[in-house]
Each structure stands twice: as structure tokens, then as C-alpha cells.
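Undergrad: with the sequence up front, the predicted model follows.
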Amino acid sequence: MSVHSQEYDVVGIGFGPANLAIAIALDEQKDLDGLRYCFLEKQPRFEWHGGMLLEGTRMQVSFLKDLATLRNPASRFTFVNYLHDNNRLDSFINMGTFFPTRVEYNDYMRWSADQFKEHVHYGQEVIAIEPVEQGGEVEWVRVRSRNADGSETEIFTRNLVIGIGGYPKIPAVFAGKMGDNMVHSSRYKHEYERFGRHETPRIAVIGAGQSAAEIYLDLMDQYPDGKMDLVSRSRALHPADDSAFVNEIFDPSFTDTIYARPESERQDFLKRFSQTNYAVVDLAEIEQIYERLYLQKVTGKVQHRFLSNRDIVGVQNDGTRVLLTLRNKDTGVEQTEVYDGVVLATGYNRNGHEQLLSPMADWMSEKGVERCYRLPMASGCHANVFLQGCCEETHGLSDTLLSILAVRSQEVVDALIERQSRPLETACAS
């Protein structure tokens, strides 16, 4: 096993939208001559939620909240400039929409990412982040990554920016039961065709959010003769609240408001406004699903069902069929349904950074994440670690979304280069 060592001023772990926005902010910073930075990404190339790039699905956020506009409207990395560069600006304007398709938005971000090829090491899976101790203090951290051929790379840096996104959340009842006939929504588009080995597949979609609704509709189209069930603990599909006043909670400036509140108030806020982001569906998809189920009543041909208000209390999977035991939350009555395939649209965990940073445990402070997204360190550790996309509890519901990428990237870069006269530790905390 060969090991190669390199040294950088700044290292980004992951190269999804969050760290892509960091790369853009660094590129447009005028006082960073000579700064050496790179990003490590385990995917072979840039791709944003590739498993959910379904035909016709649209963004749920305005294109103006792109990778740069709210920070620098004159940036060459805006969505508008992408359209201009690809000779589609006039045509896009003619559509009169703020919401491009996800396929196009992924292409926009890939277009942006392609301009940083010399700074991104694709196919590198980070396996550990370790302190480098010298004289009882830590000035550097070692980032160990593994390539597809098994070779390892060691990169040393004083500044880490972690933006690895989420990883699939698998409900406990499915633990140890996953197989080729089951897939998480994050891999849906890449793997749904395996259901086609059945002439009339019977498939269950688990969940009650946007991904569950989109997949449910897509499966109906992909397999017109199949039978699809949408299984949910909720009694109904709830519409997302995207009204203008509510949308102000996703404004970058609102991060100051939520961060300044006591923990108990922040938790109450997250609970009260969860209907903007979690287990909610755009009204258009709700209406499509309801209409399709209603037409079954007209024709008398029942193919698809919405099994609401059900807990999944048992799962059996022999590799060919999946048996789900569902319990009605009102009556307690149980039923067992047999499926050829199951799609889990059950969300994501956002704590993947914790395992990567576990070797740093002795050097990490017990204090919470600072306003500038810096993870406070114990006395004697002078390396800086910044977190993106995993600070919802302190920075609000927008932390995992695209809405604040442009502005947050500047906040992190400002802290990285210590533009303020105060020491970084105090400058960030305010």
C-alpha cells in the first residue's frame, strides 16, 4: 500500500454544493495570493442527488439563491451567467419561472465544479482526520484518504471545511433486512430498474415527504401495470408551507436571529416550522396523487393505494419478496403485505462528521458550534475545523438547504483568513 503526503492551507472534505460554494468564494477573494487549497470527494465526478434527478422534477428554491448571487450578483458563477454561457438565457426567461428543473440545476453546479478541476481530488474517500501533536500542542491535522485502487493519501492542513452532506437514514425495523430488492431514495434512479424483472411489480414506497411523493408518481409511470403502495405513519400528505412570510426564515440574515436564541427557544422554533422542510410535499404532487387514486374509484380498477396512519412493525426479506407487517395506529389491527420491492424515502442523518473527527476527541471543546460554523477546540489546538450542513440545531432549518450557500461560504472564508482584527476564537463566537 503506497502513501503519498501533501500539504495545504485549506482542505475541504466533500465537494457537493456546500464546498463548491466555498471554492467559488475562495476564487473570488482578492487577498488570497498563494493560498493552497483542495477538496477531497469520494464520488468519481460532481453529482448532486443523482439518485433523485427524476425527469420533470423542479427545484423548490429560486434560482436566485444559487451558489453566488446573494453574496456577489456580479459573480461569473451565477445561474444566470451559466444560462448565458450555454446560450439558453433567452429561452429560460421565456418560461417565466424561478424554478428550473433539478436536471438543469445539477448541470449548472457541474458547470461550476468543472472550473475547479485542478483543486478537486475525485475518487478519494476520507477515512480519518487526526491531530498532529508537537510539544503538547496541535498546529496541523492529518487527513487520510483512500483511492479506488487502495492507495492512501495523507494531507496536512491547518484549516478543514467539512461538507459531506447526509447519509441514508434506515429505520431500525429495516436494519439487517436490506437487499437487492430494497433501495433508499438516494439511490432510486440508479437502481429502480431492478424492479423491472417482475412483469407487474408490487412496490412499497415508505415515507410522506417530497421524495416519497415523487418516487410514488414515477413508479406509476415506469410500471403502468404494476401495483404501488405509499406507506406512511402520517394520516395525510401535508403541503409544504412556502408562503412569503414563512420563507423569511430561510433568509441568510435569519441565521443571526436563530443562533442568538437560547437552546430551548431554538428547539421550539425548529419544531414549529418543521412543516417547511420535513415530511411535507409540494401541493402539485399531492393533487396528482389524489387525482390518480380518485380515478381508480371511477374506473373500479384499484392498482395503487395510500396506506396512511400505519406503523411498520415487522419486516421479512428472503431476497425475492419483502413482507411488511403494518399496524393501524388507531385500531391496532395488523396486516401483512407482500412486495417485490421497497423504496425507503426516509431521509438522511447529518452526523457523518462525528466519526471522521473521533481521533480529534481529546482536542475538541464541549462548547457548541460558533456562529461562523467553526467547531471550537480545546486549549492547545490551533487547527480550525468548520462544519457545513450539520448545524441545524444552532443555525436553523436553512443549514442543510441551498438557500444560504452563497452567504455562508463568505462567512466561512472570512473566518478562515481572519480578516477581522480580533483573534479567530473571539471573532467567530459573536
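TA: It's in.
Undergrad: roughly how far is stretch 373-382 from the heart of the chain?
TA: 26 Å (CA atoms, centre = their mean, to the nearest Å).
Undergrad: ranges for the helices of the protein?
TA: 17-27, 79-85, 89-95, 102-113, 188-191, 210-222, 244-247, 254-259, 263-272, 283-299, 352-356, 392-395, 405-416, 424-429 (DSSP state H).
Undergrad: JSON lines for the ones you listed, including mean pLDDT and distance to residue 142?
TA: Quick note: C-beta positions are derived from backbone N, CA and C, even for glycine. Shown next, in JSON lines, are the helices of the chain (pLDDT from 0 to 100; distance: least, CB to CB, whole Å):
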{"stretch": "helix 17-27", "mean pLDDT": "98", "distance to residue 142": "19"}
{"stretch": "helix 79-85", "mean pLDDT": "99", "distance to residue 142": "37"}
{"stretch": "helix 89-95", "mean pLDDT": "98", "distance to residue 142": "45"}
{"stretch": "helix 102-113", "mean pLDDT": "98", "distance to residue 142": "26"}
{"stretch": "helix 188-191", "mean pLDDT": "95", "distance to residue 142": "33"}
{"stretch": "helix 210-222", "mean pLDDT": "97", "distance to residue 142": "37"}
{"stretch": "helix 244-247", "mean pLDDT": "92", "distance to residue 142": "42"}
{"stretch": "helix 254-259", "mean pLDDT": "96", "distance to residue 142": "31"}
{"stretch": "helix 263-272", "mean pLDDT": "94", "distance to residue 142": "33"}
{"stretch": "helix 283-299", "mean pLDDT": "97", "distance to residue 142": "46"}
{"stretch": "helix 352-356", "mean pLDDT": "95", "distance to residue 142": "12"}
{"stretch": "helix 392-395", "mean pLDDT": "96", "distance to residue 142": "27"}
{"stretch": "helix 405-416", "mean pLDDT": "96", "distance to residue 142": "19"}
{"stretch": "helix 424-429", "mean pLDDT": "50", "distance to residue 142": "21"}
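Undergrad: which one of those is the most hemmed in?
TA: Among those, judged by mean count of other CB atoms under 10 Å, the one packed with the most neighbours on average is helix 17-27 (a mean of 26).
Undergrad: which residues are contacting that helix?
TA: 10, 12-13, 15, 32, 35, 37, 39, 46, 48, 67-68, 71, 75, 77, 109, 112-113, 116, 119-120, 161, 163, 165, 388-389, 402, 405-406, 408-410, 412-413 (CB atoms under 8 Å, 6 or more residues apart in numbering).
Undergrad: quick one, which of the helices of the chain is nearest to residue 153?
TA: helix 352-356 (15.0 Å; CB to CB).
Undergrad: got the CA positions of that closest one in PDB?
TA: Written as PDB, here are the backbone C-alpha positions of helix 352-356 (Å, rounded to 0.1, in the frame of the first residue of the first chain):
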ATOM      1  CA  GLY A 352     -21.200  11.700   9.500                       C
ATOM      2  CA  HIS A 353     -18.600  14.200  10.500                       C
ATOM      3  CA  GLU A 354     -18.500  12.800  14.100                       C
ATOM      4  CA  GLN A 355     -16.900   9.500  13.200                       C
ATOM      5  CA  LEU A 356     -14.300  11.200  10.900                       C
END
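Undergrad: right, I'll call it a day here.
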